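[1] Output the structure for:
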Amino acid sequence: MFLIKFDSFEDTMFGNGIIGILCESRNKWERRAPLTPSHCARLLHGGRGKTGVTRIIVQPSTKRIHHDSLYQDVGCHLSHDLSGCGLILGIKHPKLEMILPERAYTFFSHTHKAQKESMPLLDKILDERASLYDYELIVGDHGKRLLAFGKFLW
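    Next up, the predicted model:
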């Protein structure tokens, strides 16, 4: 698991210590989650001094592989509103109207190859002055991808 450290971004939304987990909206069959309840527990109970995370807000979902109650059991809050989150995690990109200004997002965006169908998303990210961390571009020491569809390549 990667560590998220907010300290160097304290004056931005990204540095507010609040992570949001998106309810997947692009595909009605999508059940994956960017963080499991146990990941959330480790981030929350590590303390702000160690992980930088003070709160995790999870958008409710009846499809997600992990039930909402499991996130609540480890201290996450359920809400449709992620406007207070500095970092928002998903699997697939959210609908364009869900992109909030000046936030950091992580998901599979398919924008780095400048695919025509992904350009409206990239334009929206740029217009909203948001940051995008694409899972496809997270690589290890040898330049090999660490994350891929259906695989965890640690």
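[2] I'd like to know how many residues surround G143.
    Burial of G143 is recorded as 6 neighbouring residues (other C-beta atoms under 10 Å). Where C-beta positions appear, they are placed from N, C-alpha and C, glycine not excepted.
[3] Equivalent analysis for C40, please.
    Neighbours of C40 (other C-beta under 10 Å): 23.
[4] Checking the residue most central in space within the chain next. Helix, strand or coil?
    Closest to where the C-alpha atoms of the chain average out (C-alpha atoms, centre = their mean) is L89, at 0.9 Å. What DSSP: H, G, I helix; E, B strand; the rest coil gives for L89 is strand.
[5] Give me the phi and psi for the residue nearest to it when sequence neighbours are not counted.
    Distance criterion C-beta to C-beta, 6 or more residues apart in numbering; nearest residue to L89, sequence neighbours excluded, is P34 at 3.9 Å. Backbone geometry at P34, expressed as degrees, to the nearest 10, gives phi -70, psi -30.
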